[in-house]
Structures are given as C-alpha cells and as structure tokens.
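A.B. asks: Can you look at this prediction? I've put the sequence above it.
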Amino acid sequence: MNRKPTIDMVKTGQNIAALRAKSGYSVKDLQDTFGFSTPQAIYKWQQGAAMPTIDNLVILAAVFGVKIDDILIFAEPADAFCAARTA
C-alpha cells in the first residue's frame, strides 16, 4: 500500500478565505502584503483553483498567526498516513 498525503485544494482554499476573514484582512490587504499587481492569485487560492507556493504559505501563516499545517487541509487526516507507514 503506497498512500501519499493529498491536499484538498478546495477545502484549503475555503480555509484560507476563513482565516483571512477571521484575521480581519481583505483580499486587497493580502494583495498589498504580497506585492501582487492584481488579486487574482489570492482569489484562485480561495477558490481552490491554485495553491500558494511554499514561500507564500510561510507568509500566509505569519500574517494569520498560525502554522502552515493550520492552513492546509488534507483529503485524509495527516496522522492516517503516519499510522499506515508504521503498520
């Protein structure tokens, strides 16, 4: 059995949107933080059409005051993969 963790892009996007709103940031605020000329990347993240790069995940985590693991949503809980590996 060769299972690998899979990120649920749609749920991760919804989580990014929720964390953004909870933190009091607008899409424009994030656009300015990242120095993007347009907000399209942020909208794509929130819709689950694209994932932030690892460096952008680090920035999101810092802006939201959370760990990267708190941003990403996996199709299965991450500990399920660890348990399968040790079994």
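C.D. replies: Right, received. Where do you want to start?

A.B. asks: what about stretch 60-77, average pLDDT?
C.D. replies: For stretch 60-77, mean pLDDT rounds to 94.

A.B. asks: got a list of contacts for it?
C.D. replies: The set of residues external to stretch 60-77 that reach it, using Cβ atoms under 8 Å, 6 or more residues apart in numbering, is 3, 5-8, 11-12, 14-16, 19-20, 22-23, 25, 30, 33, 52, 57-58, 78. For every residue, glycine as well, the C-beta is placed using N, CA and C.

A.B. asks: hmm, try it at 6 Å
C.D. replies: 5-8, 11-12, 15, 19, 23, 57 (Cβ atoms under 6 Å, 6 or more residues apart in numbering).

A.B. asks: cool, stretch 50-59 as well?
C.D. replies: 44-45, 68.

A.B. asks: Please tabulate the residues you listed in TSV, including the columns secondary structure and distance to residue 38.
C.D. replies: Formatted as TSV, the contacts of stretch 50-59 follow (DSSP: H, G, I helix; E, B strand; the rest coil; distance: Cβ to Cβ, whole Å):
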residue	secondary structure	distance to residue 38
44	helix	11
45	helix	13
68	helix	25
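
A.B. asks: This structure: strands as residue ranges?
C.D. replies: Under the criterion DSSP state E, the chain carries no strands.

A.B. asks: any weak-confidence spans in it?
C.D. replies: 1-2, 77-87 (pLDDT under 70).

A.B. asks: and the helix ranked longest in the chain, what other elements does it pack with?
C.D. replies: Assignment by DSSP state H gives helix 9-22 as the longest helix of the chain. Helices and strands touching helix 9-22, as assessed by 3 or more Cβ pairs under 6 Å, 6 or more residues apart in numbering; DSSP states H and E, comprise helix 40-47.

A.B. asks: contacting residues for residue 11?
C.D. replies: Per Cβ under 6 Å, 6+ apart, neighbours of residue 11: residue 73.

A.B. asks: Tell me how far it lies from residue 57.
C.D. replies: Separation of residue 11 from residue 57 (Cβ to Cβ, to the nearest Å): 15 Å.
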